[in-house]
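Engineer: Next one to model:
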Amino acid sequence: MLGGTEFVGYAVTEAALARGWQVTVLHRGHHEPPPGATSVRGDRLDPAGLAGLGTGEWDAVVDTWSAAPSVVRDAANALAGRVGRYVYVSSGSVYTYPSPAGHAEDWPVVEGSPDAGDVEYAAAKRGGELAVTAAFGDRALLARAGLILGPRENIGRLPWWLSRIARGGPVLAPGPRDLGLQYIDARDLATWILDAVEGGLHGPYNLISPPGHTTMGELLESCKRVTGSDAELRWTDPGPILAAGVQPWMDLPVWVPRGELYDTLHQGDVSKALAAGLRCRPVAETVADTWSWLRELGGVAPQRPDRPVLGLDPEVEAKLLRR
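Structural biologist: Take a look at the predicted model:
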């Protein structure tokens with residue numbers, strides 16, 4: 001596991017250990033991997049960062065890297081002769097925008113280079129895909145994940161909603177409440193990846209729940225239920241929210257009104273992954289387990305330093321609620 005101490009990497013490592021697999025985790029040492037994993041220190045931005053993996057053979061490697069594709073290239077080239085299969089956790093962001101409702105793995109992708117340095121997110125993920133494919137060919141598996149939620153989330157989407165609703169009082173609830181959502185629990189993503197490794201799968205797969213797996217209403221009601229909050233969800237049409245300058249996805253995490261962005265983020269075709277065994281747990285379970293984890297941390301979720309802090313300004317929310 002290249003990285004395995006936070007969110008998706010941790011989920012994959014933990015799930016592999018639960019199967020009795022022997023897992024080696026290369027990480028920088030900022031956090032510890034799950035108990036039972038072999039820990040190897042190394043910073044992949046350092047020219048000598050892969051030295052700890054200089055010897056040894058593995059059945060598979062899982063890589064979640066999201067920055068410079070050249071880092072993925074170097075790892076793939078270094079491990080190509082000693083690893084059976086390379087799983088790269090990519091993103092649906094590699095598809096050209098806008099992606100229509102029902103876009104599948106054959107939808108056109110953005111340009112990318114395996115030799116690129118720091119580039120924007122979509123190009124970085126596409127460059128990583130190209131790097132892995134060049135080194136591993138049909139032994140490369142590209143897990144194009146969509147919105148990822150669940151315990152250990154360090155982006156701040158579901159933790160923000162849980163924290164906001166736990167505070168109680170009137171809560172701006174972006175409508176419509178029956179708006180269908182697509183996401184994947186990090187643990188379901190991890191399970192599918194490990195099954196795919198065992199099954200010898202290769203190539204790209206969209207990894208996200210079926211469209212409409214849950215709704216904004218079910219998501220926020222689940223948050224209210226697990227927190228025991230007295231919050232009053234005030235459902236509001238998109239028009240006034242957008243007119244106030246509120247940014248979908250960023251100010252109100254997970255939510256985007258119907259349109260091009262909605263089709264891109266919440267209307268992808270996942271029939272290929274479902275046929276290959278993808279199973280997605282109910283949203284109530286994801287919400288409850290995330291709240292339990294958040295409470296263990298004292299209510300303060302970790303935040304990735306390379307991602308913006310999400311959530312609606314309380315003053316903006318109060319102003320909209322007064323209207």
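Engineer: Check which helix or strand the closest residue to Pro33 other than its chain neighbours maps to.
Structural biologist: In this structure, Pro33 finds its nearest non-sequential neighbour in Val25, 4.1 Å apart by C-beta to C-beta, 6 or more residues apart in numbering. Where C-beta positions appear, they are placed from N, C-alpha and C, glycine not excepted. Under the criterion DSSP states H and E, the helix or strand holding Val25 is strand 24-27.
Engineer: Other residues contacting that strand?
Structural biologist: 1-5, 9, 13, 33, 37-42, 44, 50, 52-53, 56, 58 (C-beta atoms under 8 Å, 6 or more residues apart in numbering).
Engineer: Among those residues, which lie within helices?
Structural biologist: Within those, residues falling in helices by DSSP state H are Gly9, Thr13.
Engineer: Make a ChimeraX selection of whichever of the contacts of strand 24-27 turn out to be buried.
Structural biologist: Only the buried entries of these go into this ChimeraX selection, using 16 or more other C-beta atoms under 10 Å:
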select :1,2,3,4,5,9,13,33,37,40,42,44,50,52,53,58
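Engineer: quick revisit: please compute how far the strand holding Val25 lies from its chain's middle.
Structural biologist: Its chain's C-alpha centre and that of strand 24-27 lie 19 Å apart, by C-alpha atoms, centre = their mean, to the nearest Å.
Engineer: I'd like the average pLDDT over that strand.
Structural biologist: The average pLDDT for strand 24-27 rounds to 98.
Engineer: And the helices in this protein, which stretches?
Structural biologist: Using DSSP H, helices in the chain cover 7-18, 69-79, 121-136, 158-167, 186-199, 216-227, 238-243, 260-266, 271-275, 283-296, 314-322.
Engineer: which residues are in contact with the shortest one?
Structural biologist: Applying C-beta under 8 Å, 6+ apart, the contact partners of helix 271-275 are Ala104, Glu105, Trp192, Tyr205, Asn206, Leu207, Ile208, Pro210.
Engineer: Out of these, which two are the most distant from each other?
Structural biologist: Spatial extent of the contacts of helix 271-275 (C-beta to C-beta) is set by the pair Ala104 and Trp192 at 16.8 Å.
Engineer: Neighbour count: those two, which is higher?
Structural biologist: Neighbours of Ala104 and Trp192, each counted by other C-beta atoms under 10 Å, are more numerous for Trp192; the result is 24 against 14.
Engineer: quick one, what contacts the more buried one?
Structural biologist: Trp192 touches Ala143, Leu207, Ala273, Ala276, Gly277, Leu278, Arg279, counting by C-beta under 8 Å, 6+ apart.
Engineer: pretty sure the fourth one is in contact with Gly200, am I right?
Structural biologist: Meaning Ala276. No: contact between Ala276 and Gly200 fails when scored by C-beta atoms under 8 Å: they sit 11.0 Å apart.
Engineer: Who has more neighbours out of those two?
Structural biologist: When Ala276 and Gly200 are compared on other C-beta under 10 Å, the one with more neighbours turns out to be Ala276, at 15 against 11.
Engineer: one step back: among the contacts of Trp192, which ones are in strands?
Structural biologist: Ala143, Leu207 (DSSP state E).
Engineer: The contacts of Trp192 into JSON lines, with extra columns for distance to Gln303 and pLDDT?
Structural biologist: Below are the contacts of Trp192 laid out as JSON lines (distance: C-beta to C-beta, whole Å; pLDDT from 0 to 100):
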{"residue": "Ala143", "distance to Gln303": "24", "pLDDT": "98"}
{"residue": "Leu207", "distance to Gln303": "24", "pLDDT": "98"}
{"residue": "Ala273", "distance to Gln303": "29", "pLDDT": "98"}
{"residue": "Ala276", "distance to Gln303": "33", "pLDDT": "98"}
{"residue": "Gly277", "distance to Gln303": "33", "pLDDT": "98"}
{"residue": "Leu278", "distance to Gln303": "29", "pLDDT": "98"}
{"residue": "Arg279", "distance to Gln303": "30", "pLDDT": "98"}
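Engineer: Next, format the contacts of Trp192 as a markdown table and append distance to Ala75.
Structural biologist: As requested, the contacts of Trp192 are exported to a markdown table (distance: C-beta to C-beta, whole Å):
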| residue | distance to Ala75 |
| --- | --- |
| Ala143 | 16 |
| Leu207 | 21 |
| Ala273 | 25 |
| Ala276 | 25 |
| Gly277 | 27 |
| Leu278 | 26 |
| Arg279 | 30 |
